[in-house]
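Student: The following comprises the amino acid sequence and a computationally predicted model.
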Amino acid sequence: MKIRSRSADGEKIETQMAPMIDVVFQLLIFFMLTLKIIEPEGDFSISMPLGQTSTESTDDPQIEPLKIRLRASADGALAEVLVNGETMGVGPAAFQRVNTKVFDEIVGLGDNADDLEVEIDPDYGVPYSGIIATISACSGRIENKEVTRFVSKIKFAPIREEAP
């Protein structure tokens, strides 16, 4: 058996980088395509207001929608959150109170809970984060990594004109 010496050939054994990079990219593409991200938020069933109100009459007694009013201050910040005229305050605690109020309404309706609608009536200057927080508070809650849905019928009141 003949043993080759390194010094005689003068060649270094180098690893081929091109095939290694190809394999890394194939693995990267494989994992990107098989990854499934599940988000519990963002699935809102919202109906926007129409230009005119309908004057349809129905014989079935309908449940009055839960009216949530968002008032803006002069500088454009959220000043007050009201549910059916009852003040809930401002900030994250207010949206927690809204969530509790919606839950209490659903519990009070019993079998008719699916018919409950929420009407959001924001001022012209209310920031979008306040509107999204209101939608999230009405939609349900997440407890122990389980989603509990409250209301799926959320609509907006017609736009109020900007105060002069």
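Tutor: Okay, I see it.
Student: now the strands for this structure?
Tutor: Remark: strands assigned in the chain by DSSP state E are 46-47, 66-72, 78-83, 86-89, 117-122, 140-143, 146-149, 153-156.
Student: and the closest residue to P122 other than its chain neighbours, how many neighbours does it have?
Tutor: Spatially, and ignoring its direct neighbours in sequence, P122 is nearest to L70 (4.1 Å; Cβ to Cβ, 6 or more residues apart in numbering). The C-beta positions use only the backbone N, C-alpha and C, and glycine is treated the same way. Number of residues near L70 (other Cβ atoms under 10 Å) recorded here: 21.
Student: Contacts only, for L70.
Tutor: Neighbouring residues of L70 by Cβ atoms under 8 Å, 6 or more residues apart in numbering: 78, 80-82, 120-123, 126, 130-131, 134.
Student: who wins for proximity to K101 among the strands of the chain?
Tutor: K101 lies closest to strand 78-83 among the strands of the chain, at 5.0 Å (Cβ to Cβ).
Student: Pull out the CA atoms of that closest one and give them to me as CSV.
Tutor: Taking C-alpha atoms only, strand 78-83 is exported to CSV below (Å, rounded to 0.1, in the frame of the first residue of the first chain):
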residue,chain,number,x,y,z
LEU,A,78,-58.9,59.1,23.2
ALA,A,79,-60.7,61.1,25.9
GLU,A,80,-63.5,58.7,27.0
VAL,A,81,-65.1,55.3,26.2
LEU,A,82,-68.8,55.0,26.8
VAL,A,83,-71.0,51.8,26.6
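Student: Okay, now the sheet partners of that strand, with direction.
Tutor: If you go by DSSP bridges, strand 78-83 pairs up with strand 66-72 (antiparallel), strand 86-89 (antiparallel).
Student: ok, residues contacting the shortest one?
Tutor: Put plainly, it is strand 86-89. 80-82, 94-95, 97-98, 101.
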